[in-house]
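Q: following is a predicted model, sequence given first.
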Amino acid sequence: MIATEIRTNPFPGLRPFDEDESNLFFGREGQTDELMRRLRRHRFLAVVGTSGSGKSSLVQAGLLPSLYRGFMTQAGSSWRVALLRPGDNPIANLAEALSQANVSGSPIEDAEIHRIVTETMLRRGALGLVETVQHAQMPEQTNLLVVVDQFEELFRFKQGTQDPEVEDEAAAFVKLLLAATQQKGVPIFVVLTMRSDFLGDCAQFRDLPEAINESQYLIPRMTRDQQRSAIEGPVAVARGKITPRLVNRLLNDVGDNPDQLPVLQHALMRTWEKWVEDPEAIEGLDLKHYEAIGGIGQALSQHANEIYDQLPSDRDREIAEKLFKCLTEKGADNRGIRRPTKLRDICAVTEADAEAVIEVVEAFRGHGKSFIMPPVGDVLAEETVLDISHESLMRVWQRLGNWVEQEAQSAQTYRRLAETAALQKAGKAGFWRDPELTIGEQWRKESQPNAAWAKRYIPTFDEAMQFLAASVAARDAEKAEKEAARRREIRTAWVITAVSLVAVVVSSVSWWIAWNQSKQAALNQAESLGRYSLSLFDSGKELEAFVPAIQAGKILQSQTTTNPEGMNALQEVLVEGREQNRLEGHDNYVWSVSFSPDGKTLATGSRDNTIKLWSLETGKEIRTLKGHDNYVRSVSFSPDGKTLATGSDDKTIKLWSLETGKEIRTLKGHDNAVFSVSFSPDGKTLATGSADNTIKLWSLDLLSLDALIGRNCDIVRAYLENNPKVEDSDRHLCDGIGKQK
């Protein structure tokens, strides 16, 4: 291709533009000028925008290069920039940023000592940042700019703990920033980048809302011309070409997508790679390259899935899942947020060594794969903080979105478990019982949590697991006691039956002796039989040991006209409560069961969204009915046994032919889950009950069309013409009838 020598991809993908990529940063020139004007006036600036609006890129690739070039009048061009994110230790992270050699000016070998000294000074009081700069003895006319990226992390840090010291540190961090910009003796400037949906959380800190009201910049949505510049500008800088039809397609596809910029940049990065690989691409980046990567709608998700699927083993994919669950979080308000985490902590959660985790990380941050930060090229160590490149990854990559939801549910279960364990320890709550206990057991089995994972939520993991185990033991003990009580009741029934049987035997033998003129011998035999029978129960032996006595009783009864009620009572005891069969096949809870009118078939509805039909003669599954999109709550046979009605959480009722196993029709009308279905005795009406607080009655006269099968199709058509209430969706029945004729 013409561009065979062009290898440098000018698009960063999901990650923000760096300050050394300002030559590739187009479409924001006027916005950069406005940032400098507001920063010069107030020394404090909050850059606010929706997720995906380009806040970090605007500051790093727009504002910083302009400052270095001296475009902020009266401030000069001598700047030192401390770039940080609050994370889980905001003051320590600020000290780390200030201790970098390009900020402090101290030798690299003294960086750790400088960091410790700096953190100590920052914690002295509100003017700690000012004192730190004075102590650093920066050259005259040198300005310090503190850039706090992803400032909203501070709110998660404050809300994620009950520790008062943590709350104090968050407030102290804000005071350091505000006090530094309010004094005039030392040239310190502060820039925050923050998602606009967190603006209300700023009220948690004194004076912060006032400072933001005075100087904030809400990033506007890019115009179509600005977007065109952001597409065509980098291509021209990299000496590439792009067709006008692809540019127009990109602009149309971006539309009002709130994740427009990072998703667009990722799609362009992938399209560029496809173009470079195409030997026949003469006109430049074109529609075929763009469509090959899935377009804006699928490019990111498709790319991430390719990387995940190509991981070498199931263990690597397991590590990848836990890795991304560590790096993301759903807040109490259901907002998805990033959670930067150290590599060593991820190793502890995944129970894998650093080498195995790094191998997975490199797969997602390699060349052209900017899903995880820091970017490719940075050496990874156990103390390295990993992060996803952008929040849009949680919303656009469907697999990650599912993981985030699973993690949120798992965390919710664990929090409830840990909190109840603490209450139980304090004597304010009892052990868990079903259904909570079953949910807890299933959570432990599926999530396989460990203490390192639990530490990010509530650190009392061992106490919570002990509570769960104790709850299981208490439930099992209760079941064992109930079983023992049931056995005692059965044993008592056996004794009563034995006594009755002995009475029957004695009476029968007496009559028999009188008949045979040998009364004393028969009484001796009956007495011996009675003692033997009762001794079996006194010794606690099982019922099988009593068979000889029962058989003897049968022999005697066969020769008498004695009332057999004693034997019948014993037979009832023998069969009481005995399991006849066990049907297994569903993948989740079974919500409903129903016998067919002839008693030969059992229908079951399950949480796995299916209905199963079972033969009660063989105990085998006959067939599985699939069609509902959610849990099947209720099943019911029609009186003639030919039709099955099912109700589901998908708000529908379905009617099934039991002869063919096919769906006859779907009844829609409820606004919530359908919990119950029942046929009328004549089978012409169906009643349904729903979580929408209504009961609906459905006329099933239309189903009588099935009775016309085998007749002339013209009769059916005449029926349809004379019944305008028949829906168009039912008129296809005539075709089916004609085929079966």
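A: Looks like it arrived, so ask away. Residues are numbered from 1 along each chain as shown.
Q: next one: stretch 369-389 to chain centre, how far?
A: Its chain's C-alpha centre and that of stretch 369-389 lie 25 Å apart, by CA atoms, centre = their mean, to the nearest Å.
Q: with stretch 84-95 instead?
A: For stretch 84-95, the separation from the chain centroid amounts to 29 Å (computed by CA atoms, centre = their mean).
Q: in that stretch, what counts as buried?
A: Judged by neighbour count (16 or more other CB atoms under 10 Å), stretch 84-95 contains these buried residues: 84-88, 90-95. Bear in mind the C-beta positions are built from the backbone N, C-alpha and C, glycine included.
Q: hang on, isn't residue 467 packed against residue 424?
A: Yes - at 6.0 Å, residue 467 and residue 424 qualify as touching, with contact defined as CB atoms under 8 Å.
Q: neighbour count for those two, which is higher?
A: Neighbours around residue 467 and residue 424, counted as other CB atoms under 10 Å, are more numerous at residue 467. The numbers are 23 against 17.
Q: leaving out chain neighbours, which residue sits closest to that one?
A: If you skip the residues right next to it in sequence, residue 467 has residue 421 as its closest partner in space, 3.5 Å away by CB to CB, 6 or more residues apart in numbering.
Q: for residue 174, grab the count of nearby residues.
A: As a burial measure, residue 174 scores 24 neighbours (other CB under 10 Å).
Q: one step back: which is the succeeding secondary structure element to the helix or strand harbouring the residue nearest to residue 467?
A: Assessed by DSSP states H and E, residue 421 sits inside helix 398-425. Heading C-terminal from helix 398-425, the first helix or strand you meet, by DSSP H and E, is helix 436-447.
Q: which strands and helices lie in contact with the helix or strand just after that following helix?
A: For helix 436-447, the following helix or strand on the C-terminal side (DSSP H and E) is helix 451-454. Taking 3 or more CB pairs under 8 Å, 6 or more residues apart in numbering; DSSP states H and E as the contact definition, the neighbouring helices and strands of helix 451-454 are helix 343-350, helix 461-516.
Q: buried ones in helix 451-454?
A: For helix 451-454, a neighbour-count test (16+ other CB under 10 Å) marks 452-454 as buried.
Q: which non-adjacent residue is nearest residue 118?
A: residue 95 (4.3 Å).
Q: so which helix or strand takes in the one you found?
A: Assessed by DSSP H and E, residue 95 sits inside helix 90-98.
Q: state the distance from residue 28 to residue 140.
A: When CB to CB, to the nearest Å is the yardstick, residue 28 and residue 140 sit 32 Å from each other.
Q: more neighbours: those two, which one.
A: Here residue 28 and residue 140 are set side by side on neighbour count (other CB under 10 Å), and the busier one is residue 28, at 22 against 7.
Q: quick check, the more buried one in contact with residue 227.
A: No - Residue 28 is not in contact with residue 227 according to CB under 8 Å; the separation is 10.9 Å.
Q: that older thread, burial count for the residue nearest to residue 467?
A: Other residues near residue 421 number 25, with proximity taken as other CB under 10 Å.
Q: using the record's assignment, carve the chain into domains.
A: Residue ranges for the domains of the chain, per automatic domain parsing: 28-218, 311-454, 483-575, 579-699, 700-741.
Q: where among these is average confidence lowest?
A: Among these, domain 700-741 carries the lowest mean pLDDT, a mean of 50.
Q: okay, now the sheet partners of the longest strand along the chain, with direction.
A: Of all segments of type strand in the chain, defined using DSSP state E, the longest is strand 188-195. Strand 188-195 pairs in its sheet with strand 44-49 (parallel), strand 143-148 (parallel), by DSSP bridges.
Q: what comes into contact with it?
A: Applying CB atoms under 8 Å, 6 or more residues apart in numbering, the contact partners of strand 188-195 are 39, 43-51, 55-56, 59, 63, 129-130, 133, 143-152, 177, 180-181, 391.
Q: closest one to residue 173 among the strands paired with strand 188-195?
A: Proximity of these to residue 173 was assessed by CB to CB; the nearest stretch is strand 143-148, lying at 8.8 Å.
Q: using PDB, write out every CA atom in the closest one.
A: Listed next in PDB are the C-alpha coordinates belonging to strand 143-148 (Å, rounded to 0.1, in the frame of the first residue of the first chain):
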ATOM      1  CA  ASN A 143       5.100  28.300  39.200                       C
ATOM      2  CA  LEU A 144       3.800  25.000  40.700                       C
ATOM      3  CA  LEU A 145       0.700  23.500  39.100                       C
ATOM      4  CA  VAL A 146      -1.000  20.700  41.000                       C
ATOM      5  CA  VAL A 147      -3.300  18.700  38.700                       C
ATOM      6  CA  VAL A 148      -5.700  16.400  40.600                       C
END
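Q: so what's the gap between that strand and the chain middle?
A: The offset between the C-alpha centroid of strand 143-148 and the centroid of the whole chain comes to 38 Å, using CA atoms, centre = their mean.
Q: and that strand with helix 90-98, angle?
A: When axes from the mean of the first three to the mean of the last three CA atoms, to 10 degrees is applied, the directions of strand 143-148 and helix 90-98 differ by 140 degrees.
Q: I'd like the next helix or strand past strand 143-148.
A: Scanning the chain past strand 143-148 towards its C-terminal end, the next helix or strand to appear is helix 153-159 (assignment: DSSP H and E).
Q: which residues sit against that next one?
A: 85-88, 90, 166-167, 170, 173-174, 198, 201, 204, 329, 331-332, 337-340.
Q: with stretch 89-98 instead?
A: Under CB under 8 Å, 6+ apart, the answer for stretch 89-98 is 82-87, 103-104, 115, 118-119, 122-123, 129, 132, 136, 146, 154, 157, 169-170, 172-173, 176.
Q: are any of these buried, and which?
A: Burial by neighbour count, judged by 16+ other CB under 10 Å, picks out 82-87, 103-104, 115, 118-119, 122, 129, 132, 136, 146, 154, 157, 169-170, 172-173, 176 from the contacts of stretch 89-98.
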